[in-house]
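this one's sequence-less:
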């Protein structure tokens, strides 16, 4: 029995795909057993390096943080608009 060696990039991509699509779908897509993905996830957790949910493939942590800040600002603005609209409707 031979042990396959996977690159760090392959493992990270596999974990990202598993986060988006689920472990079973990712393992089928990549041609590996689900247990391998669970083991890689456990290793990441034990090493203190987890891939955040929502991190896109090829996206750096800095890009991810900027995107989240931008989305947060958009949501805050939408909340403010909704609050004003409710105030307008209640004031009728």
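Noted; the coordinates are in hand. Computed from a prediction, not measured in an experiment: that's the story for all the values here.

Tell me how far the longest helix seen in the chain lies from the chain's centre.
If you go by DSSP state H, the chain has its longest helix at helix 61-90. Centroid displacement of helix 61-90 relative to its chain, using Cα atoms, centre = their mean, to the nearest Å, is 21 Å.

repeat for stretch 80-92
Worked out by Cα atoms, centre = their mean, stretch 80-92 lies 34 Å from the chain centre.

Report pLDDT for residue 1.
Listed pLDDT for residue 1 reads 49.

Now do the SS call for residue 5.
coil (DSSP: H, G, I helix; E, B strand; the rest coil).

burial measure for the residue nearest to residue 55 when sequence neighbours are not counted, as a count.
Excluding the flanking residues, the one nearest residue 55 by Cβ to Cβ, 6 or more residues apart in numbering is residue 64, at 5.1 Å. In short, each C-beta sits where N, CA and C put it, glycine included. If you count neighbours by other Cβ atoms under 10 Å, residue 64 ends up with 15.

Good, wrapping up.
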